[in-house]
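Chemist: predicted model and sequence follow; I will ask about them next.
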Amino acid sequence: SAPSRLQKDRRIVLTRTRLSLRRLAVGLWSCALFFCFTASGLAMEPAGGALSGPYPAWLPTVAVYTFFLFAVVALLLLRSRVKVAREVALRRHMESALRESEDRFRVISELTTDFAYAYQVLADGSLHSEWITGALSRVTGYSRRALRDLGGWIHLIDAEDLPLAYEQRQALLDNREMTIEYRILCKDGRVRWMLDHARPVWNGREGRVVAIEGAVEDITKRKAAEEALRKSEERFKLAMAANQDGLWDWDVRADEIYFSPGCAAILGYTSNDFPPDGSNWRELIHPKDKALVLRANRDCIDGRRDDIELEYRMRAKNGDWRWILGRGTAVARDGAGMALRLVGTHTDVTARRRANQELRDSEEKYRRIHENSLVGFYQSTQAGRFISVNPAFAKMLGYDSPRDLVESISDISTQYYVNPEDHHVFKQLLH
């Protein structure tokens, strides 16, 4: 790795430095001994006071100054060598780190569907491509040269999205960052969605944008997922509108309930004036139904039941009571089994409840007429057995109650008619 190589280079520099210091020390000691011995020998004077030998008197002084000058020059050379060695080691480390960084960037670029680019902005506003990462070829199918021969990246952009691309270019030249989404046509004919985020590089000395740097992300899968979700939501809304149902989503811990527009419309509200909280929903429940509804919801939250289905009344915006068929189920529970989220539907069943009540009222009215009339009524099967009779008819035939009559006569032709043929004539008249 780069750190280990840097440590190795440092060790090499230190080793070479120590060797140079040892050599320098040996040289300095040798010179020191030589000059000292020479100086001491020359400094000896004979008894007569005159310097012996052929050497001049100033030679010892010159020898000492020469020694110190040699030492200073040697130290300066050593310091320079150490500095150069350190700079070389640092440069090698930086070059190695740069190569590793470039290799990593190249690998990442080749493995991802994203790529980066840079353009030089000339004085006339035209763009000159400086560099682009390798993922371009894998995304588009074009090499850099092929794309340049084609006329540049702009020629891959879908015609409907070109105005947006030109708007981004102008914004960048005006020194404004801009992110856009557009489609491109790849070499194999496929259409792919791109997310392009670009920023300008401003040069204060020239007073203009001199470069544009950006990154492009392939968002085709995300766009496909968004489109699938949009279609799914559209189908769901159409289905809910056709069924006249409303959707609700209850966050139990926060006691916040999302009510779809259909839920609010059932009670005459809009989504804006229908508060999304549990207290509002509970206040609208009919007092006689509230205990039943809250108990059913509590049982589902506590895990005593998996889902909810019951009919109850809620107060509409105009003050009327609407019958609601509420269905729901827990879609998320915690570790203790307590429901965290309930989802369900509301269906307006007011018309059905009214029709059922009207039917019950009609049946009750018919029953009273049937039982209290002085005219005899009966129902029978085609085989000649009574199904029901009213009290007046039973009394006409001398029975104490309609039940006694129905249980006693099993064949109308023989037990009710004196002449059985009259029963057949009667049935023919009915047909």
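Modeler: Here it is on my side, so go on.

Chemist: low-confidence regions, the stretch 101-250 of the chain specifically.
Modeler: Along the stretch 101-250 of the chain, segments meeting pLDDT under 70 span 101-113, 134, 240-244.

Chemist: go again with 80.
Modeler: 101-114, 133-135, 233, 236-244 (pLDDT under 80).

Chemist: can you give me the helices in it?
Modeler: Under the criterion DSSP state H, counting those that start in this stretch, the stretch 101-250 of the chain contains helices at 135-140, 144-150, 162-173, 220-243.

Chemist: highest mean neighbour count out of those?
Modeler: Highest mean neighbour count among the helices of the stretch 101-250 of the chain (mean count of other CB atoms under 10 Å): helix 135-140, with a mean of 19. (C-beta placed from N, C-alpha, C; glycine too.)

Chemist: tabulate the CA atom coordinates of that one in PDB.
Modeler: Extracted in PDB, the C-alpha atoms of helix 135-140 (Å, rounded to 0.1, in the frame of the first residue of the first chain):
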ATOM      1  CA  ALA A 135     -18.800   4.600 -17.900                       C
ATOM      2  CA  LEU A 136     -20.000   6.700 -20.900                       C
ATOM      3  CA  SER A 137     -19.400   3.900 -23.300                       C
ATOM      4  CA  ARG A 138     -21.200   1.300 -21.300                       C
ATOM      5  CA  VAL A 139     -24.300   3.600 -20.700                       C
ATOM      6  CA  THR A 140     -24.600   4.900 -24.300                       C
END
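
Chemist: distance from the chain centre to it, please.
Modeler: Put simply, helix 135-140 sits 25 Å off its chain's centre (CA atoms, centre = their mean, to the nearest Å).

Chemist: could you do stretch 238-258 as well?
Modeler: 22 Å.

Chemist: what do you get for stretch 141-149?
Modeler: 34 Å.

Chemist: ok, stretch 257-271 next?
Modeler: Using CA atoms, centre = their mean, the offset of stretch 257-271 from its chain centre is 27 Å.

Chemist: for stretch 217-229, same thing?
Modeler: 12 Å.

Chemist: what residues does it touch?
Modeler: 113-114, 139, 181, 192-195, 197 (CB atoms under 8 Å, 6 or more residues apart in numbering).

Chemist: rerun that using 7 Å as the cut-off
Modeler: Identification of contacts with stretch 217-229 by CB atoms under 7 Å, 6 or more residues apart in numbering yields 113-114, 139, 181, 192-195.

Chemist: drop anything exposed from these.
Modeler: 114, 139, 192-195 (16 or more other CB atoms under 10 Å).

Chemist: need those residues in JSON lines with distance to G337, can you?
Modeler: Shown next, in JSON lines, are the buried ones among the contacts of stretch 217-229 (distance: CB to CB, whole Å):
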{"residue": "D114", "distance to G337": "44"}
{"residue": "V139", "distance to G337": "48"}
{"residue": "R192", "distance to G337": "46"}
{"residue": "W193", "distance to G337": "43"}
{"residue": "M194", "distance to G337": "47"}
{"residue": "L195", "distance to G337": "43"}
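
Chemist: quick one: which of those sit in strands?
Modeler: 192-195 (DSSP state E).

Chemist: so which of those is the closest to H424?
Modeler: If you rank those by distance to H424 using CB to CB, W193 comes first, at 83.8 Å.

Chemist: mind listing the residues bridging to the closest one?
Modeler: On the basis of DSSP bridges, W193 is bridged to R183.

Chemist: show me what contacts L342?
Modeler: 250, 252, 300, 328-330.

Chemist: a strand runs through it, doesn't it?
Modeler: Yes - per DSSP: H, G, I helix; E, B strand; the rest coil, L342 lies within a strand segment.

Chemist: where exactly do the strands run in the chain?
Modeler: In the chain, the segments counted as strands under DSSP E are 115-121, 127-132, 178-185, 191-203, 208-218, 245-251, 256-259, 307-315, 321-333, 339-348, 378-380, 386-389.

Chemist: may I see those organised as JSON lines, with distance to K395 added?
Modeler: Formatted as JSON lines, the strands of the chain follow (distance: least, CB to CB, whole Å):
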{"stretch": "strand 115-121", "distance to K395": "100"}
{"stretch": "strand 127-132", "distance to K395": "106"}
{"stretch": "strand 178-185", "distance to K395": "88"}
{"stretch": "strand 191-203", "distance to K395": "87"}
{"stretch": "strand 208-218", "distance to K395": "92"}
{"stretch": "strand 245-251", "distance to K395": "53"}
{"stretch": "strand 256-259", "distance to K395": "60"}
{"stretch": "strand 307-315", "distance to K395": "43"}
{"stretch": "strand 321-333", "distance to K395": "43"}
{"stretch": "strand 339-348", "distance to K395": "48"}
{"stretch": "strand 378-380", "distance to K395": "12"}
{"stretch": "strand 386-389", "distance to K395": "10"}
